[in-house]
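> Take this sequence and fold it.
(chains A and B)
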Amino acid sequence: MPDNWAYVFAAYGIAAVVLFGYWRHLARRARAVARPRAATKGRAA
Amino acid sequence: MTRALGWLAALGLLVGLAAGFLYAPREAIQGNVQRIMYLHVPSVLTAYLAFALVLLGSIAYLATRRPHWDRLAGSAGEIGVLFTGLTIVSGSIWGKPTWGTWWTWDARLTSTAVLFLVYVGYLLLRSVIDEPDARARYSAIVGILGAVNIPIVHFSVTWWRALHQPSTILGPEPSPLALPLMIALYVNIVAFVLLFTYLLARRVEIARLEEETA
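Numbers count the residues shown, from 1 in each chain, chains lettered A, B, ... in the order given. From the prediction side, this is the model:
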């Protein structure tokens, strides 16, 4: 059977894009939720 | 702690890639396309783990009404959908050169698609109910009912005649894999579980902070 490397790279490439994208999505949400908390703390001080 | 877990997961994925592409030999029948297994099988096992945590969190929430169980269930459900999606896509890409088709209504593929849709529905339900108690209660019921699909997916290849091969691990028969392939697979499973644990820890923490600021 031929090696079909294109399929292997496609599968791993899509997985890398999806997982990295989700990680960035979480990082953005964490930053977004940290901003108002920092502002609230600043006002309290 | 979470950051250290993230670095550990990244290291695990690198070791997993090395195990899958450098350590594991070329498979005799399928050739190098079989290396998709080191992504496909860990993805589905991680999804099982995620949905088992949805079940656990859902039961615990209904028993205790403590919101952190709902946060665990919701977060695990989101990540479980992600890994089920990866399972379906990687399986489809693997299926084209080995079976000659991207998709077939085989028992394993169909039950996995149903599993995916059930938990997409679970996430949609969570997104449309604003009241936290009602959201947690209704989604816990769906989270418990949805878990019925997990054994159906896993044992579908045993219960029905399927094009999909029997379970590589956690099946009724001993695994047909040669030792180096098995080692590479287990390294990748550990790496995926580490990644899942890291993503779950971050997602649960974000959910907690969002609830506090809401």
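
> tell me which parts of chain A are close to chain B?
Residues of chain A lying close to chain B by CB under 8 Å from any CB of the partner chain are A:1-5, A:7-8, A:10-12, A:14-15, A:18-19, A:22-23, A:26, A:29-30, A:33-34, A:36-37. Quick note: C-beta positions are derived from backbone N, CA and C, even for glycine.

> Please repeat the previous calculation with a cut-off of 10 Å.
Counting by CB under 10 Å from any CB of the partner chain, the residues of chain A lying close to chain B are A:1-16, A:18-19, A:21-23, A:25-30, A:32-37, A:40.

> before we move on, what SS does the nearest residue to B:Asn149 once chain neighbours are set aside have?
Leaving out its chain neighbours, the residue that sits closest to B:Asn149 by CB to CB, 6 or more residues apart in numbering or on different chains is B:Leu115, at 4.5 Å. Assigned state for B:Leu115: helix (three-state reduction, DSSP: H, G, I helix; E, B strand; the rest coil).

> Next: B:Ala140.
Secondary structure of B:Ala140, reduced to three states by three-state DSSP: helix.

> Give me the local confidence score for A:Ala38.
On the pLDDT scale, A:Ala38 is placed at 68.

> ditto for A:Ala44
Here, the pLDDT recorded for A:Ala44 equals 60.

> isn't B:Tyr61 right next to B:Tyr138, touching?
No. At 11.1 Å, B:Tyr61 does not count as touching B:Tyr138 under the criterion of CB atoms under 10 Å.

> When those two are compared, which one has more neighbours?
More crowded of B:Tyr61 and B:Tyr138, by other CB atoms under 10 Å in any protein chain shown: B:Tyr61, with 24 against 16.

> Can you tell me how far the nearest residue to the more buried one once chain neighbours are set aside is from chain A?
Among residues not flanking B:Tyr61 along the chain, B:Trp69 sits closest, at 3.9 Å (CB to CB, 6+ apart). According to CB to the nearest CB, to the nearest Å, B:Trp69 stands 20 Å off from chain A.

> In three-state terms, label the residue nearest the centre of chain B for me.
By CA atoms, centre = their mean, chain B has its centre lying nearest to B:Ala47, at 1.3 Å. Assigned by three-state DSSP, the conformation of B:Ala47 is helix.
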